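> Any chance you can model this:
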Amino acid sequence: MSHGVPDADLLIVGAGAKAAAIAAKVHVMNRLGLGPIALTIVEATESAASWSGRNGMTSGEEPLAIPPIKDVGFPYESHREFGEVGEEIDRAMMPFTWQQYMIGEHRYVRWVNAGSPPIQHRTYGKYLAWVLSRATEGVRLVRGRVTRVSLEEQERLWRIDVEDCTDSPLYRGRALALTGPGVHRPFAHDPDAAPRIFHCDSKRIELARIPIEESADIAIVGGGESALSCVAFLRAFRPDAELTIYTPSLPMSRGESFLENRVFSNPDEVGWETLDEQTRRDFVRHCDRGVFDPATLETIAYDDQCRFVTGRVRNVSSVSGEEGVCVNYDTREEGGESTVRHDYVVNCTGFDLLEQLRSLFPPAVRAEIESRVGGVWERPSGAEIPIGRNLELTGMRPRLYIPGLGALSQGPGFANLGSLGLLANRVLKPLLSEKDAQIQASRNSITEVV
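Residues are numbered from 1 along each chain as shown. As a prediction, the model looks like this:
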């Protein structure tokens, strides 16, 4: 405590998959006597909110793109970061595995006998909430909405202000981790067209505006997981709808071989940080961003009312004198531009984590961050964000962890679910090292006195 305000070694905004993995690892480390590490997680709605179907552009019914055995401890190679004690950490993580969750639900044998099929987003969300409910040693979960993030320079601490919280209205920490998908990317459209445009994070009740009694013509703009998730939901929600998916490049499915997967679970194995930037960009694009999950693609393989159009959407305009919108997009044909009328449009071009951060950091804090690490918000389009090995913004102290921006710099698995256990190890390693240094300094001080 300091001035009556709760302190933590690490603050996390958002109680999703990354927070669950870090919380489980903190719990284990404290139980093993490696800490103490104090962790505070602040969540505005509910644990694993993005997976339940009650928030954002997932119904909760879509199949998870990765096998759930890649759980919060995967890849269980903590010895790479912590040496011999890493093996103890991995053994102590066994109570948090996917298998233990399913055994406790009395569903493990049925899942295995069925061939370990893909699970729904909703089921994965329940697993994450289960992990967070059991990760209690040194872990505090706070309900409230973070409205502002600021720096307390003299004490080298982060401060977060929280609304609608039954406990303290502010929290202070020695490090801060920002998680979550961000907010949907801007989408050029005429103001009159707005009522017929939905976004990746539109709530289910909003989509109910699409009439059920008649066939609707819906355009989905985007070439990644959000777009495919939207297609799967809309097909179940409005089975007679005509669906057109606009992608800026040729549609691709996700690579799932051993060669690709090993890069997600252990980027050091291929020397990820030593690869040139274009090679890293190409890998991320082919295996993570702008690709579709093969299992979900199978569900629309014979769907005659679903088609793909290759082209980059530039603007959505209203239709004069009638209902509907016009999608204006670039083509490679002569003339280079085309316009097609649809009833509704869904913007699935992805999420922008930096824009979400912009809303949390006051202008003075953003300016201070950029004075230390270089351009972040006002960087040239496509420029690489400086994310260090521990998934921190390079050069920023106190540490600011942004794992969602770490794919290009540190490995593709850090921006998704591909290596949650490794992500937790990378984030916690400097905190554990600082604890070791403090303990050693304390011991030396005692020895000198004696």
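> Could you use CA atoms for every contact and neighbour count after this?
OK.
> number of nearby residues for Phe74?
Using other Cα atoms under 10 Å, the number of residues around Phe74 comes to 23.
> Kindly provide the distance from the closest residue to it other than its chain neighbours to Leu11.
Of all residues not flanking Phe74 in the chain, Gly421 sits nearest, at 4.7 Å (Cα to Cα, 6 or more residues apart in numbering). Distance of Gly421 to Leu11, given as Cα to Cα, to the nearest Å: 18 Å.
> Likewise for Pro248?
Taking Cα to Cα as the measure, Pro248 falls 38 Å from Leu11.
> thinking again about what came up before, make sure the residue nearest to Phe74 is actually in contact with Gly73.
Yes: with contacts counted by Cα atoms under 8 Å, Gly421 reaches Gly73, the gap being 4.0 Å.
> what residues are shared contacts of these two?
Counting by Cα atoms under 8 Å, 6 or more residues apart in numbering, the contacts common to Gly421 and Gly73 are Ala21, Lys25.
> Mind telling me what element the residue nearest to Phe74 is part of?
Under the criterion of DSSP states H and E, Gly421 resides in helix 420-449.
> Equivalent analysis for Thr244, please.
strand 242-247.
> partner strands of that strand, parallel or antiparallel?
Neighbouring strands of strand 242-247 in its sheet, by DSSP bridges, are strand 217-221 (parallel), strand 306-310 (parallel).
> weakest of those in terms of mean pLDDT?
Lowest mean pLDDT within the strands paired with strand 242-247: strand 306-310, a mean of 89.
> shouldn't Tyr401 be in contact with Leu176?
Yes: Tyr401 is within contact range of Leu176, at 6.0 Å (criterion: Cα under 8 Å).
> what's across from Arg399 in the sheet?
Ala175.
> What residues does it make contact with?
Counted by Cα under 8 Å, 6+ apart, Arg399 has contacts Arg174, Ala175, Leu176, Glu392, Leu393.
> and the second one, how many neighbours?
Other residues near Ala175 come to 23 when the count uses other Cα under 10 Å.
> Next one: it from Ser317, what distance?
Ala175 is 45 Å from Ser317, by Cα to Cα.
> With Ser52 instead?
Ser52 sits 33 Å away from Ser317, going by Cα to Cα.
> And for Gly350?
20 Å.
> So if I had to pick from the two, which one is more boxed in?
Ranked by neighbour count (other Cα under 10 Å), Gly350 and Ser317 place Gly350 first, with 24 against 20.
> Could you list the low-confidence segments of the stretch 51-200 of the chain?
For the stretch 51-200 of the chain, applying pLDDT under 70 flags the ranges 55-59.
> Okay, helices next: where are they in it?
In the stretch 51-200 of the chain, the helices defined using DSSP state H, counting those that start in this stretch lie at 79-82, 85-92, 98-104, 108-113, 121-134.
> can you redo those helices as a markdown table with distance to Arg379 and mean neighbour count?
Compiled in a markdown table, the helices of the stretch 51-200 of the chain are given as follows (distance: least, Cα to Cα, whole Å; neighbours: other Cα atoms under 10 Å):
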| stretch | distance to Arg379 | mean neighbour count |
| --- | --- | --- |
| helix 79-82 | 32 | 15 |
| helix 85-92 | 38 | 17 |
| helix 98-104 | 40 | 15 |
| helix 108-113 | 47 | 12 |
| helix 121-134 | 34 | 20 |
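> export the ones you listed to TSV and tack on distance to Leu360?
Shown next, in TSV, are the helices of the stretch 51-200 of the chain (distance: least, Cα to Cα, whole Å):
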stretch	distance to Leu360
helix 79-82	32
helix 85-92	34
helix 98-104	33
helix 108-113	41
helix 121-134	24
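> nearest to Ala19, of those helices?
Closest of the helices of the stretch 51-200 of the chain to Ala19 is helix 121-134, at 8.2 Å (criterion: Cα to Cα).
> name the helices or strands packed onto that closest one?
Judged by 3 or more Cα pairs under 8 Å, 6 or more residues apart in numbering; DSSP states H and E, helix 121-134 is in contact with helix 17-31, helix 98-104.
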